[in-house]
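Student: Model the following, please.
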Amino acid sequence: MPAPFPILLSAATDVVRSRITSARIETFSQWWELPAVVIAVVAILALVFWIYRRDSVELSRSAGIGLALLRGSALGCLVAAYLDFERTTEHELVFPSRVAVLVDSSASMTIEDEPPENVDSVSLPASRMNRSEHAINVLESGGLLEEISKTHEVSLWRFDADAQSLAVFPIDSFASTLSDGVNNGEQSPDAFLKDRDELSEHNGDSSLSQSEFARQQTARWRDGIMPRGSETRIGEALKTVVDQEPPGLLAAVVVLSDGANNAGIDPRATVSSLVAQGVRVFPLGIGSQRLPVNVRVADLLVPARVFPGDRFAATGQLQAQGLEGSSVQVELSEVPSDDGSGTQRVIDQTFVTLAADGQVTSVRFDVPGMPSPGRRMLSLRVVPPPLDRSESDNQQAVEIEVVDRVTQVLLLAGGPGREYQFMRNVLMRDDSFAVDVLLQTAVSGASQDARRILQEFPATAKEISEYDAIVAIDPDFRKFDPAAMARLAQWVEKESGGLLLMAGNVFMDAWLADPTTASIRNLYPIELRRRVQLVVDEPAGFDEPMPLEFSRDGQDAEFLWLASSAIASQTVWSEFPGVYSCFDAVRAKPGATVYARAKRLGATGAPDTLPIYCAGQFYGSGSVFYVGSGETWRLRSVDETLYERLSTQLLRHVSQGRLLRGSRRASVLIERDRYVVGSNVVVRIVMPEGDAAKITTCRVVSPDGTTAPMPLSIDPVRSGILLGGFAANLQGTWRIDVTLGDGSGEIITRRVQARLPDRELERPKLDRSLLEQISAATGGESTMLDGVVWDRDDSVALALKIPDRSRREYEAGAPDSSFKERLNSILLACGTGLLCFEWILRRLMRLA
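Tutor: Numbers count the residues shown, from 1 in each chain. You can find the predicted model right below:
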């Protein structure tokens, strides 16, 4: 998270000046005090000269004037001592002018644009770049950062759904070339001196070389502007920059974006604050108003698991440009999976009429079912028309698991609350679940609507291994002996068990106080601390719910969707009033993911200070999901089907490790199967004890067929687990291949889908009008880079249009005590000397 205010880099120059001031005068607070002192001094001097004029009547004129001057000089020494002169040394401080460079990091920046028809292709780069690569090219090869930094500090920001400061480049930070030849757009080490200690501490190395430091910092800000955002909020980004940059020093904002603002405040609404501070905006429009004629498969939605022979729906989404009204053929096929299972066959085909540019056209196929268990690959392919310019995006494949058994669930609850009752009823009505119940407060022989009623927690590892998922609703873990707690933890960690934990206000405080429940606390993805304020309870008359605020991970997590898309799901969640209680924990454990927080009534402060309502983590080979209170049943107030959908999705999510286990030698775990373009995909490879070193290769295959190795590291907390990851910066299917090194040659494969967010799909064109309006209103100038090659001359011209708002101030040091001591000694000596000399002269002249 960025600092509230970017560091202001000020430099003390070699200009030093000394100033002598009166400490007495500086203490005057009234306007009349200084004139009064002057009048008093003049009156005393006038009195002295008048007296000496009378005394020297019988003396020569020169003798009288000399005596008067001696007495007046002595009085001058007294006045100087009264004024208390002191000398201070001042250093000149230069506060350099600042220019903020905002780079759009939303997912629409991954689009490759078609060159304009009227542009000579020879003048364009040989290889096509997406919009993000074009922005980096302008910053580095085009010399934009270097030319602006010759006069101004450059603050580099990225923005999408929010804005974040990435780096601050001091003036002339690009001027010197490193000894190893690193320049050409790669900043010198001085560009990040303010962050060097932070980076060294993060890497555990306090002796980074300058070249290595520069390379690491460059890689960091390049990674920061990688497209990954699901929204474009230009207006809020401009507001954040104006609020957080040093006031009075910000001269201009350079925005590199396609201008497709699709969320947040209107950028035109922020113009007034920019104008009030004299900040000009210089937009550089990256993108095209003429997208290539193309039709592509935007997404393929199928159930993660189906039963043999059961019918299910496969929904494809097509997006086209320049083909409105055209009819294309779409085929749904089964293709062989990586393990060789499945056959090549066309399941169904149909013709679809394409919608307007950027709009999504849905096509639904009713699949009669898969005959046998196993993993199957379904592929959606659109037969491209002759004008289609890209064949790489005409097909998309997803994996589906055909399972021949139901999900075995143990429903554990401390008491028969509403969440327990509604959850039990939902699972009993769903044929894909088989539920046993353990109600800890029930008396022996009590009737429960379930397959089996347990009186105690499974007593052996074999008994607990029968279950794929366990739902624990405010359980009393004090009733578990240490062996039962160990079995539960072992089942999650080694047997890929799925655990759904719901906090409560009846038993949780009691078992948290019991030190024997340490192994249970380890399972939770949040930091649990025993506290007096356990839960925000629901007292009588309290009717203000706490709405849920979803993080970006929560908005992207499909198992939390209440509709068919992220936007539609957010709309449904916004209709949910909220919950009335939530365990008061604000910190997640390392490696855990926070999906939602509960916003207290009247709460202020940063979002990470709100109590966590939904969080999850991998625990060994298993998955744990946490809910802050047993109140998801309140979704029934919006629609009864919403609670059923959420409950079943959560259970399928936590139990995926059990139902999708592949090799008995290793498991490849990912948080979810679908990601937004630009997201970081964290991969966990779980091996049996001591076998982690047998992994020989792990590689990632991108949608365009590029293969890259994925570095792995050993989990420092749990043995037998390797961690890796990659950025899914291209739309389509990514494949993870893990080859075991035990001589078997077995390859374990997982696939993930990366897709553009719905909002980024709606308006992919360059919004020239918006960018021009912002620049005109603030006195800046816009430049559209559609078919234009940005070079160093353009950067020089832009830098000359930005005014210098640097400011010089002087910082006063402590008063010079030795000067004051010497001055007072001189004044004392002069005053007494003058008085003595005057007395001698008066005696010689026989005056009184």
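Student: Got the domain ranges for this protein?
Tutor: 11-93+814-844, 97-290+764-805, 294-402, 407-539+614-659, 667-759 (automatic domain parsing).
Student: State the mean pLDDT of the second one.
Tutor: The one in question is domain 97-290+764-805. For domain 97-290+764-805, the mean pLDDT works out to 77.
Student: Stretch 679-696 too?
Tutor: pLDDT averaged over stretch 679-696 gives 72.
Student: do stretch 627-644 as well
Tutor: 93.
Student: Please, where are all the helices along the stretch 601-750 of the chain?
Tutor: Ranges of helices within the stretch 601-750 of the chain are 640-654, 656-659, based on DSSP state H, counting those that start in this stretch.
Student: swap in the stretch 51-200 of the chain?
Tutor: 61-83, 131-139, 144-148, 196-203.
Student: Out of the ones you listed, which gets nearest to Phe837?
Tutor: Nearest to Phe837, of all those, is helix 61-83, at 6.2 Å by Cβ to Cβ. All C-beta spots, glycine's among them, are computed from the backbone N, C-alpha and C.
Student: counting contacts, what elements does that closest one pack onto?
Tutor: Helix 61-83 is packed against helix 23-26, helix 33-55, helix 817-844, with contacts defined by 3 or more Cβ pairs under 8 Å, 6 or more residues apart in numbering; DSSP states H and E.
Student: could those go into JSON lines alongside mean pLDDT, mean neighbour count and distance to Ala276?
Tutor: JSON lines is the format used below for the helices and strands packed on helix 61-83 (pLDDT from 0 to 100; neighbours: other Cβ atoms under 10 Å; distance: least, Cβ to Cβ, whole Å):
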{"stretch": "helix 23-26", "mean pLDDT": "84", "mean neighbour count": "13", "distance to Ala276": "35"}
{"stretch": "helix 33-55", "mean pLDDT": "85", "mean neighbour count": "13", "distance to Ala276": "38"}
{"stretch": "helix 817-844", "mean pLDDT": "87", "mean neighbour count": "13", "distance to Ala276": "45"}
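Student: Quick one: closest of the ones you listed to Val796.
Tutor: helix 23-26 (47.7 Å).
Student: Where does pLDDT dip in the stretch 401-550 of the chain?
Tutor: Scanning the stretch 401-550 of the chain with the threshold set as pLDDT under 70 gives 445-447, 530-543.
Student: To Asp258, which of the helices of the stretch 51-200 of the chain lies closest?
Tutor: Between Asp258 and the helices of the stretch 51-200 of the chain, the tightest spacing by Cβ to Cβ is seen for helix 131-139, at 6.0 Å.
Student: what does the closest one rub up against?
Tutor: Contact with helix 131-139 is made by 101, 103-105, 108-113, 125, 129, 144-145, 185, 222, 225-227, 256, 258, 284, 286-287, 785, 790, as judged by Cβ atoms under 8 Å, 6 or more residues apart in numbering.
Student: Just the endpoints, please. Distance across stretch 610-630?
Tutor: 18 Å (Cα to Cα, to the nearest Å).
Student: and that stretch, which residues are buried?
Tutor: 610-630 (16 or more other Cβ atoms under 10 Å).
Student: Would you confirm that Val406 contacts Asp431?
Tutor: Yes: at 7.0 Å, Val406 counts as touching Asp431 under the criterion of Cβ atoms under 8 Å.
Student: who's more crowded, those two?
Tutor: Val406 (15 against 9; other Cβ atoms under 10 Å).
Student: quick one: low-confidence parts of the stretch 551-700 of the chain?
Tutor: In the predicted model of the stretch 551-700 of the chain, residues 602-605, 659-665, 688-696 satisfy pLDDT under 70.
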